[in-house]
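A.B. asks: 3D, please:
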Amino acid sequence: MIGGEIAARLLSAAHRVTALVHTSRDIRSNNGNAVEPSEIVTGDVSAPMFGWDKAEFDRLTGTADLLIHCAATVRFDLDDDAYSRVNIGGAANAVEFARAGDMPLLHVSTAYVCGTRDGQILEDDPLPSRGFANGYEKSKAAAERLVRASGVPFAIVRPSIVVGDSASGEIRRFDTTYAAFKLIAEGHVRHMPARTGATLDFVPIDHVAGSLVDIAQNMRKAVGGTFHLVSGRPIPVPEFTAAIAAFPQFHRPELVAPDSFDPASLPPFERRLYRRVAGLYASYFQRNPHFDDREAQAIAGRVCPPTGAEYLHRLISHCIEVGFLSGEAVNEHSDNAARA
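C.D. replies: Numbers count the residues shown, from 1 in each chain. Below you'll find the predicted structure:
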């Protein structure tokens, strides 16, 4: 999703873009428009030399002057081997590509490599070695450590929770956070453990992609830096649930103190959905990090657009307009077994 938007913006700025895809060659920007890179190559980031033979590897490393590595699995429910192969191994293979081509590496990480820390998170804070909420965060921290120790010139960007366009709310793919949001809004998951003071750092995709392109075009200055691509104004969890409740067809979840929350006490259907999807994101309702982004603002020259109640309304309205969320009142007495 982010890669397609970055490619579109780089091409608009008259850069030559070679796009590495895994299987699908259908590359699109966030608004759904087809993107036509200078070249499309298929490969596998988890494989040495991305799965190419030596001749193809040498050809491609010889024709690029920057590698932007934003390929990763963003699922929270995988085993350690999958994260090691794709997120950590993928970063290692990206390093070797950059090394072979004598080019810098712009590595896309996540702001949540901070783990479960609260309070101010600086861009140059040391990476923690423990305290991660899931295998995804742990693997992205390990990938960062690998990149930093590689000896290859690098810059690291860390988006927070990437959601829809700041002006329209538009998003091309509804996965990860949106899956949990749908279950909550439509009343299928009616209880969430949430700590008092918890916040969510939603960042519009246009801010992330625009900042990434700015940094890519200024790599000489960016090398060695770490840059938070974040809202800078995290949303209190009750404000998020109030935005949901502002739509009469949606359900406002009950926020339960984590010490009092027992998934086993939930109704059977809700319990299954909580364990399969919503529970994977529960830790984000219990944290309050405030990501400092002064370095990112200095190099990209961008301040994130407002992400308060009006923005949340645009995000939800877009979900309704395209049919991802129901536009009608949900029948809370419908047959849950049938919905399962």
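A.B. asks: Show me which residues of stretch 144-159 are buried.
C.D. replies: E144, L146, V147, S150, V152, P153, F154, A155, I156, V157, R158, P159 (16 or more other CB atoms under 10 Å). Quick note: C-beta positions are derived from backbone N, CA and C, even for glycine.
A.B. asks: whoops, stretch 192-208 was the one
C.D. replies: Neighbour counts over stretch 192-208 (16+ other CB under 10 Å) mark 192-195, 198-208 as buried.
A.B. asks: out of those residues, what pair is the most spread apart?
C.D. replies: Among these, the pair separated by the greatest distance (CB to CB) is P193 and D206, at 31.8 Å.
A.B. asks: Going along the chain, name the strands of the protein.
C.D. replies: Secondary structure of the chain (DSSP state E): strands located at 18-21, 39-42, 67-69, 105-108, 119-121, 154-159, 161-163, 191-193, 199-200, 202-204, 226-229, 235-236, 254-256, 289-291.
A.B. asks: Enumerate residues external to the third one that contact any of its residues.
C.D. replies: To tie it back to what came earlier, the one meant is strand 67-69. 3, 6, 45, 90-91, 94, 97-98, 101, 103-108, 212, 216 (CB atoms under 8 Å, 6 or more residues apart in numbering).
A.B. asks: go with 10 Å
C.D. replies: For strand 67-69, contacts defined as CB atoms under 10 Å, 6 or more residues apart in numbering pick out 2-3, 6-7, 10, 17-18, 20, 45, 60-61, 90-91, 93-95, 97-99, 101, 103-109, 143, 147, 152, 154-157, 212-213, 215-216, 219.
A.B. asks: Any stretches of the stretch 101-250 of the chain with poor pLDDT?
C.D. replies: Along the stretch 101-250 of the chain, no part satisfies pLDDT under 70.
A.B. asks: Which residue is the nearest non-sequential neighbour of Y112?
C.D. replies: Distances taken as CB to CB, 6 or more residues apart in numbering place E137 nearest to Y112, at 5.1 Å, with adjacent residues excluded.
A.B. asks: neighbours of that neighbour, just the number please.
C.D. replies: 23 (other CB atoms under 10 Å).
A.B. asks: Kindly report the same for A246.
C.D. replies: For A246, the neighbour count with other CB under 10 Å is 13.
A.B. asks: Over to S326?
C.D. replies: 17.
A.B. asks: That one and H318: what is the separation?
C.D. replies: Separation of S326 from H318 (CB to CB, to the nearest Å) stands at 14 Å.
A.B. asks: Now S283. Nearest residue, chain neighbours left out?
C.D. replies: A133 (3.9 Å).
A.B. asks: Test my guess that that neighbour contacts K140.
C.D. replies: No - judged on CB atoms under 10 Å, A133 makes no contact with K140 at a distance of 11.5 Å.
A.B. asks: More neighbours: which of the two?
C.D. replies: Taking neighbours as other CB under 10 Å, A133 and K140 compare with K140 leading, 25 against 18.
A.B. asks: my guess is the residue nearest to Y112 meets C114, correct?
C.D. replies: Yes - contact criterion CB under 10 Å: E137 and C114 qualify, at 8.4 Å.
A.B. asks: Could you tell me which residues touch both of the two?
C.D. replies: What both E137 and C114 touch, as defined by CB under 10 Å, 6+ apart, is the set P128, G131.
A.B. asks: What is the burial count for the closest residue to D79 other than its chain neighbours?
C.D. replies: Closest residue to D79 apart from its sequence neighbours, by CB to CB, 6+ apart: G135 at 7.5 Å. By other CB under 10 Å, the residues close to G135 number 20.
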